[in-house]
Every structure is written in structure tokens, then in C-alpha cells.
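Chemist: build me a model:
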Amino acid sequence: MTDLILHHLLFTLALSLTVQAVFFACAATLETDKVTDLSYGLTFVLIAGALVLHARRRDAAEVGLAVMVIAWGVRLAGYLVYRIVHIGRDARFDGIRERFWRFFTFWLFQGLAVWVILLPVTLWYSRPGPWNRWMCAGASVWLVGLLIEAVADQQKFAFKRRATGRARWTDTGLWRYSRHPNYFGELLCWYGVYVFAAPDIGAWNALAVASPLAITVILLFATGIPTLEASAQKKWGSDPEYQAYRTRTSLLVPWFRR
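Modeler: All right, here's what the predicted structure looks like:
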């Protein structure tokens, strides 16, 4: 069993890094942002697909977990590709895409992040169990998260497409109750995946728990919320209306305004 787990861990790490290497070569050569987000979601899809194709039984649990990961990856990749095609350039990479090693470091980090986030999935496919109530709970949390993330992304994109959308922060729909509802939905998705897989992993939970911890750190303390909050403060920090929105609106969990 340990040999199978190690095989799965090394295989998914190699696959994640290989996908990033291929897309990095394309992005660096063409100096384009159009494949960056595609590669992120696509890596989840490829890894989950590979794991379920090599599954022993392909029963409801094995297919269900793969569907959860693939549906999340396809939805995210599709939305982000659609968005970048319309906006043409991702300002996050200004000053980075032109510098080889900084750009390379981003892609390396992305490949490692995907691997860590998928640890519960990789470990579970090494020792899968039959469908149980924990899987029902995990799948339910995941579904709520997917709906929140999808709705929030659509609302923000629609708002930004308005004539005045670029000149104002999004404060309609779910964004009226949270400054980052899409990230809240994403966290729910991966916490749901962890709940789905955790009971069957046993002692390997000590490693699998790195997944929800990693996505929490990335979104709340690293490249997620801090980056967007700093950007918004730079754009609208002098606007009293924005400061009122910032003060009254929950940072992450959708809640009634203060």
C-alpha cells in the first residue's frame, strides 16, 4: 500500500510539473497571458482523469470524486480563458512575464500548489473506500462552494463589462455581502473534497491536511486576497464610498453588512 501511495504521489507531482513546463514554454515564448489560467484548471482535470482511469473499481465514490475535481477545473479554466480573451492582458503579470526567472518561478509554484491541493485526492485513490455519509457531506459542501464561486465570478465579470464597471469596485449580488465571495466558494470546494476523502486516508491525513491549509494560506495570506485588496486600495483608497464599502462588508464569508 505504501508503495502505491508513493507511486501516486510521484506520478501526480511529475504530471503537474510537466503540464506547467509545457505551458510555460508557450507563455514565455509568446509573452502571452492567455494560457496561464488555462494550465491551472487543466492540470486538476488531467490529474483527476488519470487517477480515475487507473482506479480499480470505478464505483460511485471513485467516479464521484473525479467528477468533483474535473467539474471544478473545467469551470474555472473555461471562465478564466473567456475572461482573458476579452480583457487581453492580465495585469498581475506586468513586470513578471518579461523576466524569465521570475516567470519561471511562478509556474513552478503553480505546479507545486496544484500537487499539494490535490493531496487528499491522490492519497484517496491509493486506498479508496465505498460511498459513505462523509462523502455525502463533503460533496454537499463542495457543491455549495462551486455554486457560490461560479455565481460570484459571473456577477463580477458582468459588472466589469459595463461601461462604468472598470471605474468602480464590484458591490452587487454576492459582492454586496463579501469582498471576495469567489474565494469563499473556492475554499468550500476544497474543504469539501478533503471531508470526502479524509475518513479513508487514515494516518496519511497528516499529509492530506496540507491541502486545505495550503489553499487557505494562498487565498487569504499570499497571492489571493492580499494582492486584490492592495490593488483596490491603490485604485479607490481615496474614495470615501469605497472605504465605507470596505468597512461595512465582510472580507470573505458572505454576511449582512455592518
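Chemist: so for this structure, the centremost residue is which one?
Modeler: The residue lying closest to the centre of the chain (Cα atoms, centre = their mean) is residue 186, at 5.9 Å.
Chemist: now find how far off-centre the strand or helix carrying that residue is within its chain.
Modeler: Using DSSP states H and E, residue 186 sits within helix 181-201. On the basis of Cα atoms, centre = their mean, to the nearest Å, helix 181-201 sits 11 Å off its chain's mean C-alpha point.
Chemist: so after it, what's the next helix or strand?
Modeler: As assigned by DSSP H and E, the chain's next helix or strand after helix 181-201 is helix 205-208.
Chemist: okay, the next helix or strand along the chain from that next one in CSV with CA atoms only?
Modeler: Toward the C-terminal end, the helix or strand that comes next after helix 205-208 (DSSP H and E) is helix 210-221. The C-alpha coordinates for helix 210-221 follow below in CSV (Å, rounded to 0.1, in the frame of the first residue of the first chain):
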residue,chain,number,x,y,z
ALA,A,210,-1.8,20.2,3.8
SER,A,211,-4.4,20.7,1.0
PRO,A,212,-7.0,22.8,2.9
LEU,A,213,-4.2,24.6,4.8
ALA,A,214,-2.4,25.4,1.5
ILE,A,215,-5.4,26.8,-0.3
THR,A,216,-6.3,28.8,2.8
VAL,A,217,-2.8,30.3,3.0
ILE,A,218,-2.7,31.0,-0.7
LEU,A,219,-6.0,32.8,-0.9
LEU,A,220,-6.0,34.6,2.5
PHE,A,221,-2.4,35.4,3.0
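Chemist: and the angle for helix 210-221 with helix 181-201?
Modeler: Note on geometry: by axes from the mean of the first three to the mean of the last three Cα atoms, to 10 degrees, helix 210-221 and helix 181-201 are set 160 degrees apart in direction.
Chemist: which helix or strand lies directly C-terminal to helix 210-221?
Modeler: Counting by DSSP H and E, the element after helix 210-221 in chain order, helix or strand, is helix 225-236.
Chemist: that following helix versus helix 181-201: what angle between them?
Modeler: Interaxial angle, helix 225-236 versus helix 181-201 (the same axes, to 10 degrees): 180 degrees.
Chemist: now for helix 225-236, which elements pack on it?
Modeler: On a contact count with 3 or more Cβ pairs under 8 Å, 6 or more residues apart in numbering; DSSP states H and E, helix 225-236 meets helix 240-248. For every residue, glycine as well, the C-beta is placed using N, CA and C.
Chemist: before we move on, back to that, for the helix holding residue 186, C-alpha coordinates in CSV please.
Modeler: Only the C-alpha atoms of helix 181-201 are listed here, as CSV (Å, rounded to 0.1, in the frame of the first residue of the first chain):
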residue,chain,number,x,y,z
PRO,A,181,-17.2,35.6,-2.3
ASN,A,182,-15.5,33.7,-5.1
TYR,A,183,-12.6,32.8,-2.8
PHE,A,184,-15.0,31.7,-0.1
GLY,A,185,-16.6,29.4,-2.7
GLU,A,186,-13.2,28.0,-3.7
LEU,A,187,-12.3,27.3,-0.1
LEU,A,188,-15.6,25.4,0.4
CYS,A,189,-14.9,23.3,-2.7
TRP,A,190,-11.5,22.1,-1.4
TYR,A,191,-12.6,21.7,2.2
GLY,A,192,-15.5,19.6,0.8
VAL,A,193,-13.0,17.5,-1.2
TYR,A,194,-11.0,17.0,2.0
VAL,A,195,-14.0,15.9,4.0
PHE,A,196,-14.9,13.5,1.2
ALA,A,197,-11.6,11.8,1.3
ALA,A,198,-10.3,12.1,4.8
PRO,A,199,-12.0,9.1,6.6
ASP,A,200,-10.4,6.6,4.2
ILE,A,201,-6.9,8.0,4.3
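Chemist: fine by me, we can end here.
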